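K.L.:
I would like the atomic coordinates for the input below:
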Amino acid sequence: MTRFSANLGFLWTELSPPDAIRRAKAAGFEAVELHFPYETPAEDVAAALADTGLPLLGINTVRGGTNENGLAALKGREAEARAAIDQALDYAHITGAGAVHVMAGRFGDEETYIANLRYAAEEARDLGKMVLVEPLNARDAPDYFLTEVEQAAEIIIRTGAANVRIMFDCYHVQIMQGDLLRRFEALLPLIGHVQIAGAPGRGEPDSGEIAYERVLPTMAEIGWSGFVGAEYRPQGTTDEGLKWMGAYR
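P.N.:
Reported below is the predicted structural model:
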């Protein structure tokens, strides 16, 4: 049976992270993930996780300044990028989050990105954490440095780090590249997390052109046994949009 994680960067955004964690538990999710939780004390998030028994799968590094979308690939911004990595790992350590998504940023430089990922991997390894990189589609994230899963794989291999993995977001991959299942199978050894949303609208997973009722079982047959993150924008309230989960129960 597919195990779903609620991405609280998009779901129940009207609630504080601790309250959203409790709502996710009540709705039947088996894990949660957060985007940028830094305004909420990590101890409060940890308490909600302990109350519910839900694991926190991951958080993102901060975006940076206005109109930025991460720092790790930005040449000349290495000190800020590593401070963001340190901040995320500290938060992950307190909350028990399993991974940190190191956001690349716009107009990046590959050598800078690899150097910062090596730094993140080394620091994360000491804490038992995974580092994730996520290709984003160019429509939602113009000029983002990382846009295709094969590009992510090549960069991961160049880091030489065993704890750097791809965030395989089906929504982004469908928009940029398509051929979801063949790409997923080819890259499975390098995939650390899977996310879903309807495409192209980023609504509930049972909307749009991706047949998740066939894609997710096939991913499991291929070998995926991890969580699947629900990272979509509800078209109404989050609770009203949860009917899609019924197909997997």
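K.L.:
if we ignore the residues flanking it in sequence, what's nearest the residue nearest to the spatial centre of the chain?
P.N.:
Most central in the chain under CA atoms, centre = their mean is Met167, positioned 5.7 Å from the mean C-alpha point. Spatial nearest neighbour of Met167, excluding adjacent residues (CB to CB, 6 or more residues apart in numbering): Glu134 at 3.7 Å. Every C-beta, even on glycine, is put in place using the N, C-alpha and C of the backbone.
K.L.:
now swap in Tyr232 and tell me
P.N.:
Closest to Tyr232 by CB to CB, 6+ apart is Ala197, at 3.6 Å.
K.L.:
so which strand or helix has the residue nearest to the centre of the chain?
P.N.:
Taking DSSP states H and E as the criterion, Met167 maps to strand 164-169.
K.L.:
what comes up buried for whichever helix or strand comes after that strand?
P.N.:
Under the assignment DSSP H and E, the closest C-terminal helix or strand after strand 164-169 is helix 170-176. Under the neighbour-count criterion of 16 or more other CB atoms under 10 Å, helix 170-176 has 170-175 buried.
K.L.:
so after helix 170-176, what's the next helix or strand?
P.N.:
Toward the C-terminal end, the helix or strand that comes next after helix 170-176 (DSSP H and E) is helix 180-187.
K.L.:
for the residue in the chain sticking out farthest from the centre, give its distance to Ala27.
P.N.:
Going by CA atoms, centre = their mean, the residue of the chain most distant from its centre is Gly76, 25.7 Å out. For Gly76, the distance to Ala27 equals 44 Å [CB to CB, to the nearest Å].
K.L.:
try Ile85
P.N.:
32 Å.
K.L.:
picking up where we left off before, the residue farthest from the centre of the chain: helix or strand, and which one exactly?
P.N.:
Counting by DSSP H and E, Gly76 is part of no helix or strand.
K.L.:
quick check: mean pLDDT of stretch 203-215?
P.N.:
Over the span of stretch 203-215, the pLDDT mean works out to 97.
K.L.:
the helix or strand Val194 falls within - contacts with which helices or strands?
P.N.:
Secondary structure assignment for Val194, by DSSP H and E: strand 191-196. Packing partners of strand 191-196 (3 or more CB pairs under 8 Å, 6 or more residues apart in numbering; DSSP states H and E): strand 130-133, strand 164-169, helix 170-176, helix 212-222, strand 228-230.
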